[in-house]
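> Provide a 3D model corresponding to the input given below.
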Amino acid sequence: MPEGDVVWWTARRLREALAGRVLTRSDFRVPRLATADLRGRTVLESVARGKHLLTRVEGGLTVHTHLLMDGRWQVRRAGPPPRDHRVRLVLANAQWQAVGYSLGLVELLRTAEEGAAVGHLGPDLLDPAWGPELAAEAVARLGEQPERPVGDALLDQTRLAGIGNVYKAEVLFLRGVAPWTPIRDVPDLGALVELSHRLLDANKERHGHITTGDRGRGREHWVYGRAGRPCRRCGTRIERAEQAGERVTFWCPHCQPAADRR
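Numbering: from 1, shown residues only. Next up, the predicted model:
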């Protein structure tokens with residue numbers, strides 16, 4: 001599933017291609033919106049809210065999309081729309097077209113009612129207004145469930161928005177916290193939240209989630225995707241297990257000790 005930095009970058013690409021321009025094509029390829037037509041309306045902006053994308057158009061309407069596991073937006077020069085069964089939405093103007101492939105969610109909302117779609121989310125780690133107040137709110141939301149395993153809680157977008165499986169594993173490794181540690185036992189939740197913000201912010205304008213500082217192929221992560229390989233710090237075998245249903249986690253038993261998986 002694309003994480004918050006990828007969604008932020010996608011929103012920027014959509015904004016650059018669509019904002020301030022009049023739509024000449026509006027092709028919703030989902031049955032519920034088959035008759036929706038936004039042609040003739042000017043796109044005002046496209047913004048990210050956690051892992052949600054909100055593209056606002058004049059007339060008080062918002063196109064709300066979510067990539068879920070496999071979705072992506074592709075921006076290309078204006079031209080004939082692609083004939084591809086994976087396409088769920090095409091928004092185009094005289095210069096550019098944005099094509100949404102395999103989008104997990106496509107809906108058309110009143111802009112004034114966006115809260116119904118994203119109001120449940122916790123503080124967005126890439127909110128332009130990020131600072132002490134939003135960080136404190138994220139810590140408070142995490143602390144509302146003190147018995148919950150931290151690896152599970154970090155994926156809960158109602159606690160804080162933007163973290164996915166990659167950053168969950170990497171942040172916990174860097175903080176030396178086992179994924180099954182209850183929230184109440186996590187030392188310095190504020191530092192964990194701030195590190196999460198810093199990692200997403202550092203990666204939002206480039207491809208790939210680089211947490212080691214090394215862009216070399218296969219050297220981008222500390223533990224994510226490295227099960228069975230030696231820890232880059234101590235040489236201990238990296239472990240992998242399911243957590244929070246079908247989601248998996250990766251950790252180093254030595255660098256993240258006392259993992260209580262019960």
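
> was I right about residue 221 contacting residue 211?
Yes - here residue 221 reaches residue 211: they are 5.8 Å apart, a contact under CB atoms under 8 Å. Where you see a C-beta, it was placed from the backbone N, CA and C, and this is true even at glycine.

> anything in contact with each of the two?
Residues touching both residue 221 and residue 211 (CB atoms under 8 Å, 6 or more residues apart in numbering) are 166, 170.

> Report the contact partners of the residue lying closest to residue 172 once chain neighbours are set aside.
Taking CB to CB, 6 or more residues apart in numbering as the measure, residue 172 lies nearest to residue 179, with 5.7 Å between them; neighbours along the chain are not counted. The neighbours of residue 179, taking CB under 8 Å, 6+ apart as the test, are 149, 150, 151, 168, 169, 172, 243, 249, 251, 256, 259.

> Just after the helix or strand hosting the fourth one, pick out the following helix or strand.
Element membership of residue 168, judged by DSSP states H and E, is helix 165-175. Sequence order places helix 189-203 as the next helix or strand after helix 165-175, per DSSP H and E.

> Which parts of the stretch 51-200 of the chain are strands?
Ranges of strands within the stretch 51-200 of the chain are 52-57, 61-66, 72-77, 87-92, 96-101, 105-110, based on DSSP state E, counting those that start in this stretch.

> Can you pull the poorly scored residue ranges out of the stretch 101-250 of the chain?
Counting by pLDDT under 70, the ranges of the stretch 101-250 of the chain that qualify are 246.

> If we use 90, what do you get?
Counting by pLDDT under 90, the low-confidence segments of the stretch 101-250 of the chain come to 206-208, 214-218, 243-247.

> Need the nearest residue in space to residue 208, chain neighbours excluded.
Taking CB to CB, 6+ apart as the measure, residue 208 lies nearest to residue 220, with 5.9 Å between them; neighbours along the chain are not counted.

> wait, doesn't residue 125 sit right on residue 162?
Yes - counting by CB under 8 Å, residue 162 is a contact partner of residue 125 at 4.0 Å.

> Could you report the neighbour count for residue 127?
16 (other CB atoms under 10 Å).

> Who are the contact partners of it?
Residue 127 makes contact with residue 134, according to CB under 8 Å, 6+ apart.
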